[in-house]
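Engineer: Below: sequence and its predicted model.
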Amino acid sequence: LPADYQTRIDGLTTPEIHALFLSVMDTPLRQLGIGESLRSALLKLLNALPNQNRQDAEWIRNRIYLDTDLWHPRKDNAAFIRSAQLAIWEEKQAVVSYTTRAGNEITRTIKPYGLVAKSGIWFIIGGAGDKTQAYRLSRIRSFQMTDEPFSRPEGFDLQVSWQEWVARFESREASYPVVVEVAEAAIPFLSREVGVDVLQQGGQSHSSIRSGWKRFTLSFENETAARGRMFALGLQVEVIHPAELRQSLRDHAAEILRIYS
């Protein structure tokens, strides 16, 4: 083929138009400051489509809407998103003050590689020393970009790095095994409460001695996390093992009775 050869695009198919005009991830794009640019680009594309294709675009927009926002998003969730975005664009290191899940305040210098939005929650992926870590933006108390440049690791892939971090995080999360018996009618709620992935991957179903109940082995971060999830299911679940969790549930229930007696 000659050097200036170009293939000809005959036009978008209906499934391609449906994919382009499906409304998704609107809030994260607004937070990044490119929501209006996306809408403008789609409007230009819509006006350039033939009449029938334009009808296809309108058809899908009025039939499917994917809302990825949380029900009650935190107002400070993206407080430093513009600062983080600038540091990523300019490849400048940043000094970050951060509150860990345990409530400890830490300050460290990171190399911000990218931003990830998961279920309405923003994370910044950054290198500190020889490790790559994800930091939840809502836990960042201050973000100060420095004049010190950095080079992104050769071959760095943001999506792959995020998936690896999630795998490490979930392996730490699921370190407290709990055997429970659940009423069959409450199993869908159990899926929502502990996560579908837990039931499909970490949870193991066993036959139960009670009719209409199922026995599962689940994994939680710790005893406190497991107790909170079990209380949410009320009388529809019974912890079989470990014994200390059963005792913790009894003690907590007695404390609730004392408060409301």
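Structural biologist: On my side now, so go ahead. Since the model is a prediction, treat every value here as computed from it, not as a measurement.

Engineer: tell me the secondary structure for residue 153?
Structural biologist: coil (DSSP: H, G, I helix; E, B strand; the rest coil).

Engineer: Distance check, it against residue 131.
Structural biologist: Note on residue 153: its distance to residue 131, by C-beta to C-beta, to the nearest Å, is 11 Å. Yep, even glycine has a C-beta here, placed from its N, CA and C like the rest.

Engineer: Have a look at those two and say which one is more surrounded.
Structural biologist: More crowded of residue 153 and residue 131, by other C-beta atoms under 10 Å: residue 153, with 12 against 7.

Engineer: residues touching the more buried one, list them.
Structural biologist: By C-beta atoms under 8 Å, 6 or more residues apart in numbering, the residues touching residue 153 are residue 127.

Engineer: What of residue 18?
Structural biologist: 56, 57, 59, 60.

Engineer: again, 10 Å this time
Structural biologist: 12, 56, 57, 59, 60, 61, 63, 64 (C-beta atoms under 10 Å, 6 or more residues apart in numbering).

Engineer: Narrow those residues to those that are buried.
Structural biologist: Burial by neighbour count, 16 or more other C-beta atoms under 10 Å: within the contacts of residue 18 this picks out 12, 56, 57, 60.

Engineer: I'd like those laid out as CSV, including distance to residue 214, pLDDT and secondary structure.
Structural biologist: What follows is those, written out as CSV (distance: C-beta to C-beta, whole Å; pLDDT from 0 to 100; DSSP: H, G, I helix; E, B strand; the rest coil):
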residue, distance to residue 214, pLDDT, secondary structure
12, 48, 77, coil
56, 45, 83, helix
57, 46, 83, helix
60, 39, 80, helix
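
Engineer: Just send those back as JSON lines, with distance to residue 227 too.
Structural biologist: Converted to JSON lines, the buried ones among the contacts of residue 18 look like this (distance: C-beta to C-beta, whole Å):
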{"residue": "12", "distance to residue 227": "53"}
{"residue": "56", "distance to residue 227": "51"}
{"residue": "57", "distance to residue 227": "50"}
{"residue": "60", "distance to residue 227": "45"}
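
Engineer: for the residues you listed, which one is nearest residue 115?
Structural biologist: Checking those against residue 115 by C-beta to C-beta gives residue 60 as the nearest, at 27.8 Å.

Engineer: thought the closest one was touching residue 22?
Structural biologist: Yes: in terms of C-beta atoms under 10 Å, residue 60 counts as a neighbour of residue 22; the distance is 5.9 Å.

Engineer: Check which helix or strand residue 108 maps to.
Structural biologist: Remark: residue 108 resides in strand 105-118, with elements defined by DSSP states H and E.

Engineer: Now the element after that strand, going C-ward?
Structural biologist: strand 121-128.

Engineer: tell me how far that next one is from the chain's mean position?
Structural biologist: Relative to the mean C-alpha coordinate of its chain, strand 121-128 is positioned 13 Å out (C-alpha atoms, centre = their mean, to the nearest Å).

Engineer: which parts of the helix of greatest length in the chain are buried?
Structural biologist: Criterion DSSP state H: the longest helix present in the chain is helix 243-260. Using 16+ other C-beta under 10 Å as the test for burial, helix 243-260 gives 245, 246, 248, 249.

Engineer: Residue ranges in the stretch 51-200 of the chain under the pLDDT threshold?
Structural biologist: By pLDDT under 70, the weakly predicted segments of the stretch 51-200 of the chain are 67-79, 102, 172-174, 192-200.

Engineer: Apply 50 and report the result again.
Structural biologist: Residue ranges of the stretch 51-200 of the chain with pLDDT under 50: 196-200.
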